[in-house]
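Asks: okay, structure incoming, though there's no sequence with it:
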């Protein structure tokens, strides 16, 4: 070989070594990228071997552009979210990329990677939506279950409170009709068993049902108590009350109570008829007694409608006193000739009781004279009789002054003439009088 050829050969070797050095420097610059893609690194490592006819400058320039694309691709992958990078399909794609990527397939891999990543992103988004939807459904289900549980608990508490309230109302009702239930021991026992709150009892309906029944029973027993004692021994009534006493069922109690009320109404009806008959008979007796008393009164007394005075028709009643009621017979006072002093006359009329009248008094001279001045026929026609021969005492005073002063009173003779200055210790007849109310 000539020296010129050797020179050229040496020069080529130098250029090759320089190109390889430049290529090696380029590979070092993109070492981090090549470490991530072993297939690409392996391909480029082969280019570091000296090869004749290779323009390393052009090769380095071309490779540098491709490595920049590869670096951009790796950087783009690194910017992907962890969710995308951890996707099963993307993980598998990365493995293939690391083993299959070459300088010629960078663009192909980039397009495929972008497509797959877009699909993965959409898939992850759908998964997230589905997961969120599932989570939302679970949350809604939890909330619904919580709401249902709260509603059940609230309903349970309300039902319990309602049962307790109903039990209290029932207890109050039993206390209200305690006297009535004392006649119904079996029914009372059944109702007291319901005082403990029970799920299967609607207390409002129960109270609405039994309160009218107990009202009827209460009225029934009150009516029975108001019956005469004779009715209490009625065999029919005793049997009906015994059936009520033995009643346990509310339905049976209602029927028994209705039957008892019907029986009681019939007994009342019969009793009222009997009572009305008795009252009518008693009224007839009282009317007869009234007529007898009226006749007796008219026989004994004369009532002057003009003066409003009531006189005994017996003009000498002190001598022959008489009456029409038990205990009204008076004893004859003082002496057998029925004459008495004015003082005794006052005391006598104050204690006088004729047919129950006890407000007698001595008449004034005008009252007694006005009666006696009438004609004998008038006095006889009006039933006056038994006139004495001497005068009557009056309540009218006739006191005089002077040497012959007297503490006297007026007297009236049987012909109606008035006489004054009669000594009170004198003796005269008494004809009592009273004012008619």
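Replies: Yep, that arrived. Only a predicted model underlies this, so the values are computations on that prediction, with no experimental measurement involved. Residues are numbered from 1 along each chain as shown.

Asks: C-alpha only now, for contacts and for neighbours.
Replies: OK.

Asks: for the longest helix along the chain, enumerate the helices and strands it packs against.
Replies: Ranked by residue count, the top helix of the chain under DSSP state H comes out as helix 106-176. Counting contacts by 3 or more C-alpha pairs under 8 Å, 6 or more residues apart in numbering; DSSP states H and E, helix 106-176 packs against helix 56-79, helix 82-85, helix 88-100, helix 203-226.

Asks: recalculate using a threshold of 10 Å.
Replies: helix 56-79, helix 82-85, helix 88-100, helix 178-181, helix 185-193, helix 203-226 (3 or more C-alpha pairs under 10 Å, 6 or more residues apart in numbering; DSSP states H and E).

Asks: what's the second one packed up against?
Replies: Using 3+ C-alpha pairs under 10 Å, 6+ apart as the contact definition, the elements that helix 82-85 packs against are helix 56-79, helix 88-100, helix 106-176.

Asks: how does it look with 8 Å?
Replies: helix 106-176.

Asks: where does the prediction get shaky in the chain?
Replies: 1-17, 19, 50-56, 230-233, 248-249, 292-294, 296, 320-338, 399-406 (pLDDT under 70).

Asks: pop the domain breakdown of it in here.
Replies: 3-127, 177-289, 305-435 (automatic domain parsing).

Asks: starting at the chain centroid, how far to the longest one?
Replies: The gap between where domain 305-435 is centred and where its chain is centred comes out at 77 Å by C-alpha atoms, centre = their mean, to the nearest Å.

Asks: okay if I get the domains of the chain as JSON lines plus mean neighbour count and distance to residue 144?
Replies: Shown next, in JSON lines, are these (neighbours: other C-alpha atoms under 10 Å; distance: least, C-alpha to C-alpha, whole Å):
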{"stretch": "domain 3-127", "mean neighbour count": "15", "distance to residue 144": "24"}
{"stretch": "domain 177-289", "mean neighbour count": "15", "distance to residue 144": "26"}
{"stretch": "domain 305-435", "mean neighbour count": "17", "distance to residue 144": "96"}
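
Asks: among those domains, which is nearest residue 164?
Replies: Checking the domains of the chain against residue 164 by C-alpha to C-alpha gives domain 177-289 as the closest, at 5.8 Å.

Asks: and the end-to-end length of that closest one?
Replies: 48 Å (C-alpha to C-alpha, to the nearest Å).

Asks: and the helix or strand containing residue 410, what does it pack onto?
Replies: Per DSSP states H and E: residue 410 is located in strand 408-412. Contact partners of strand 408-412 among helices and strands, from 3+ C-alpha pairs under 8 Å, 6+ apart: helix 365-372, strand 392-397, strand 418-423.

Asks: separation between the spatially most central residue of the chain and residue 162?
Replies: Of all residues in the chain, the one closest to the mean position by C-alpha atoms, centre = their mean is residue 169, 8.3 Å from it. Distance of residue 169 to residue 162, given as C-alpha to C-alpha: 10 Å.

Asks: I'd guessed residue 386 sits against residue 318; true?
Replies: No. Residue 386 lies out of contact with residue 318 (C-alpha atoms under 8 Å); the separation is 10.8 Å.

Asks: hmm, back to that, dump the helices and strands packed on helix 106-176 to TSV, plus distance to residue 149.
Replies: Below are those laid out as TSV (distance: least, C-alpha to C-alpha, whole Å):
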stretch	distance to residue 149
helix 56-79	48
helix 82-85	38
helix 88-100	42
helix 178-181	42
helix 185-193	32
helix 203-226	25
